[in-house]
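>>> My questions are about this predicted structure, shown below with the sequence.
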Amino acid sequence: MTSPRAPGSLRWRMLAGTLAWIAAIVVLAGLGLGNLFRQHITEQLRTELALHMNQLTAAVSVAPDGRPTVASPLSDPRLEQPLSGLYWQIDRLDDSGRVVAAGVARSRSLWDQVLALPAVDDADGLYDIAGPENHRLSALTRLLKPEDSDAGSLRLVVAADRAVLAEPIERFDHMLLWSLGALAAGMVVAAVVQVAVGLRPLGRLRRQLAAQQGRNSVRIEGRFPSEIQPLVDDFNRVLAVNADIVQRARTQAGNLAHAVKTPLTILGNAAAREEGAFARLVREQVAMAQRQIDHHLARARAAAASGTAGGRTPLRAPRQALLRVMQRLYAARGLALEMDEFSDRLEFRGEEQDLQEMVGNLLDNACKWAARRVRIGAQADAPDRLRIVIDDDGPGISEDERERIFERGVRMDEQRPGSGLGLDIVRDLAGTYGGEVSAGPSARGGVRVTPVLP
């Protein structure tokens, strides 16, 4: 399977874009929700401080000498516990608003501490100040002007340790981290599944295209999503046109070869009845022309085969026909032709005509050189590869000649019939299908020719 990170991968592009959006959304959601919770918890603290401030305002009274007193303790018991984190304090101000006495009255929770606040503001405010043991406090202030006192104003202060904010914020951040992490993981899984499902029709299209090499059909079957169906329709039209062009090219090549070979045959027959140098020249040129026609016709068929999807041909299909032909051609020599019983699973991924051309040429060549026996066998060599083995018990060839026999027009013995094009044609056809042909020594003493085909 293609890696999703391969350059130009549509799957990777879609996933990268989706993952980038997921990351951006999760980060923004985390920042936004965290900020909203901080605002909420801060407002909650402010509301709590305002409640205590209202209680303090209602409970404070001013003595004739201007000294403030709190008639009764406030409702929260933490105000009575030393250094509990919740405090109140009253400062005395002069007429100009300057603090003349800080902490003239304060909660027991402050013990012997006094809260230091910034300059007096006319409006009630929420401040961040230092508290006992250097803890940070959120302090709410309120100015109070007693009606029956000339001793100036009072500043009421209610403060709470900011640690009461840190703990729920930390819990919320931890919960938010896990929640958004789970959400992000779920979104990533959903994105991967969505991309896989979205690209599944393309995978089906790719498999059908690959299967065209194993079917006689030149059409991609099935319905695809509306975005892909036009591509499939266009490709089917291209396949149909291509198959028609190839078929017409093959037919025309065959017709042309027949049209040329007929007059050549007449010339050859006429020259065969004559003697002399001119007749020999005609016979040689006619034979050369026939070899050229055979060669180029085979190449044209091979080139045409490479342009089609091809079919899947069982190896046993041409077996009996080739066996009968060779037995008839070489009946006078009494050759023993041995052919394995091929399994139905042994198939050539190509057209039957080309398989017959290759195996027929190799068998014909083996029979020409064999002394008494020719054997053909086959096996599955590797995934999607077919190995055919043809052995003869002839004189064999040297190591230097094993490649020369595949060269065009090469004949190892001019006294034997043939054009020297058979093995060249076999190699051309095999190469067209992505196969190869090699020659080597046979255990029977002759030559072993081994085509490896798809």
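Sure, I can see it. Residues are numbered from 1 along each chain as shown.
>>> Can you tell me the SS state at the residue of the chain most remote from its centre?
In the chain, residue 64 marks the outermost C-alpha relative to the chain mean, sitting 86.9 Å out by CA atoms, centre = their mean. What DSSP: H, G, I helix; E, B strand; the rest coil gives for residue 64 is coil.
>>> Give me the pLDDT for it.
In this model, residue 64 is scored at 70, pLDDT.
>>> What separation do you get for it and residue 146?
Relative to residue 146, residue 64 is positioned 11 Å away (CB to CB, to the nearest Å). Bear in mind the C-beta positions are built from the backbone N, C-alpha and C, glycine included.
>>> and stretch 96-103, which residues are buried?
101-103 (16 or more other CB atoms under 10 Å).
>>> In strands only, show me the residues you listed.
Among these, the residues falling in strands (DSSP state E) are 101-103.
>>> Can you show me the helices along this protein?
Applying DSSP state H to the chain gives helices spanning 10-59, 163-211, 229-272, 277-306, 319-329, 352-369, 401-404, 422-432.
>>> Identify whichever of the ones you listed lies nearest to residue 452.
helix 422-432 (7.8 Å; CB to CB).
>>> And the closest one, what does it pack against?
In this structure, helix 422-432 makes packing contacts with helix 277-306, helix 352-369, strand 436-441, strand 447-453, judged by 3 or more CB pairs under 8 Å, 6 or more residues apart in numbering; DSSP states H and E.
>>> got the CA coordinates for it in CSV?
Provided in CSV are the C-alpha atoms of helix 422-432 (Å, rounded to 0.1, in the frame of the first residue of the first chain):
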residue,chain,number,x,y,z
GLY,A,422,12.0,-17.3,-34.3
LEU,A,423,13.9,-16.7,-31.1
ASP,A,424,14.2,-12.9,-31.9
ILE,A,425,10.5,-12.7,-32.2
VAL,A,426,10.0,-14.7,-28.9
ARG,A,427,12.3,-12.3,-27.0
ASP,A,428,10.4,-9.3,-28.5
LEU,A,429,7.0,-10.6,-27.5
ALA,A,430,8.2,-11.6,-24.0
GLY,A,431,9.8,-8.2,-23.5
THR,A,432,6.6,-6.5,-24.6
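>>> Check the offset of that helix from the chain's centre.
37 Å (CA atoms, centre = their mean, to the nearest Å).
>>> coming back round to it: want to throw the buried residues of stretch 96-103 into JSON lines with pLDDT?
Listed next are the buried residues of stretch 96-103 as JSON lines, based on pLDDT from 0 to 100:
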{"residue": "101", "pLDDT": "80"}
{"residue": "102", "pLDDT": "81"}
{"residue": "103", "pLDDT": "80"}
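>>> ok, how many other residues are close to the residue nearest to residue 71 when sequence neighbours are not counted?
Closest residue to residue 71 apart from its sequence neighbours, by CB to CB, 6 or more residues apart in numbering: residue 59 at 5.4 Å. Counted with other CB atoms under 10 Å, the neighbours of residue 59 add up to 14.
>>> Same question for residue 228.
Residue 228: 14 neighbours (other CB under 10 Å).
>>> if I pick the residue lying closest to it once chain neighbours are set aside, what's in contact with it?
What sits nearest to residue 228 in space, not counting adjacent residues and going by CB to CB, 6+ apart, is residue 201, at 5.3 Å. Shown in contact with residue 201 (CB atoms under 8 Å, 6 or more residues apart in numbering): 224-225, 228.
>>> what about stretch 313-323, distance to the chain center?
Worked out by CA atoms, centre = their mean, stretch 313-323 lies 41 Å from the chain centre.
>>> What lies in contact with that stretch?
Residues contacting stretch 313-323 (CB under 8 Å, 6+ apart): 337, 339, 341-344, 346-348, 350-352, 355-356, 359-360, 363, 378, 386, 388.
>>> Give me the buried subset of these.
Buried among these by 16+ other CB under 10 Å: 337, 339, 342, 346-348, 350-351, 355-356, 359-360, 363, 378, 386, 388.
>>> ok, so of those, who is nearest residue 396?
residue 363 (17.3 Å).
>>> can I see the domain layout of the chain?
For the chain, the TED database gives the domain ranges 10-210, 228-306, 313-453.
>>> just for the stretch 351-454 of the chain, where's the confidence low?
383, 406-422 (pLDDT under 70).
>>> repeat that with 80
351-354, 380-384, 396-425, 428-434, 440, 443-445, 454 (pLDDT under 80).
>>> partners of residue 392 in the sheet?
residue 374 (DSSP bridges).
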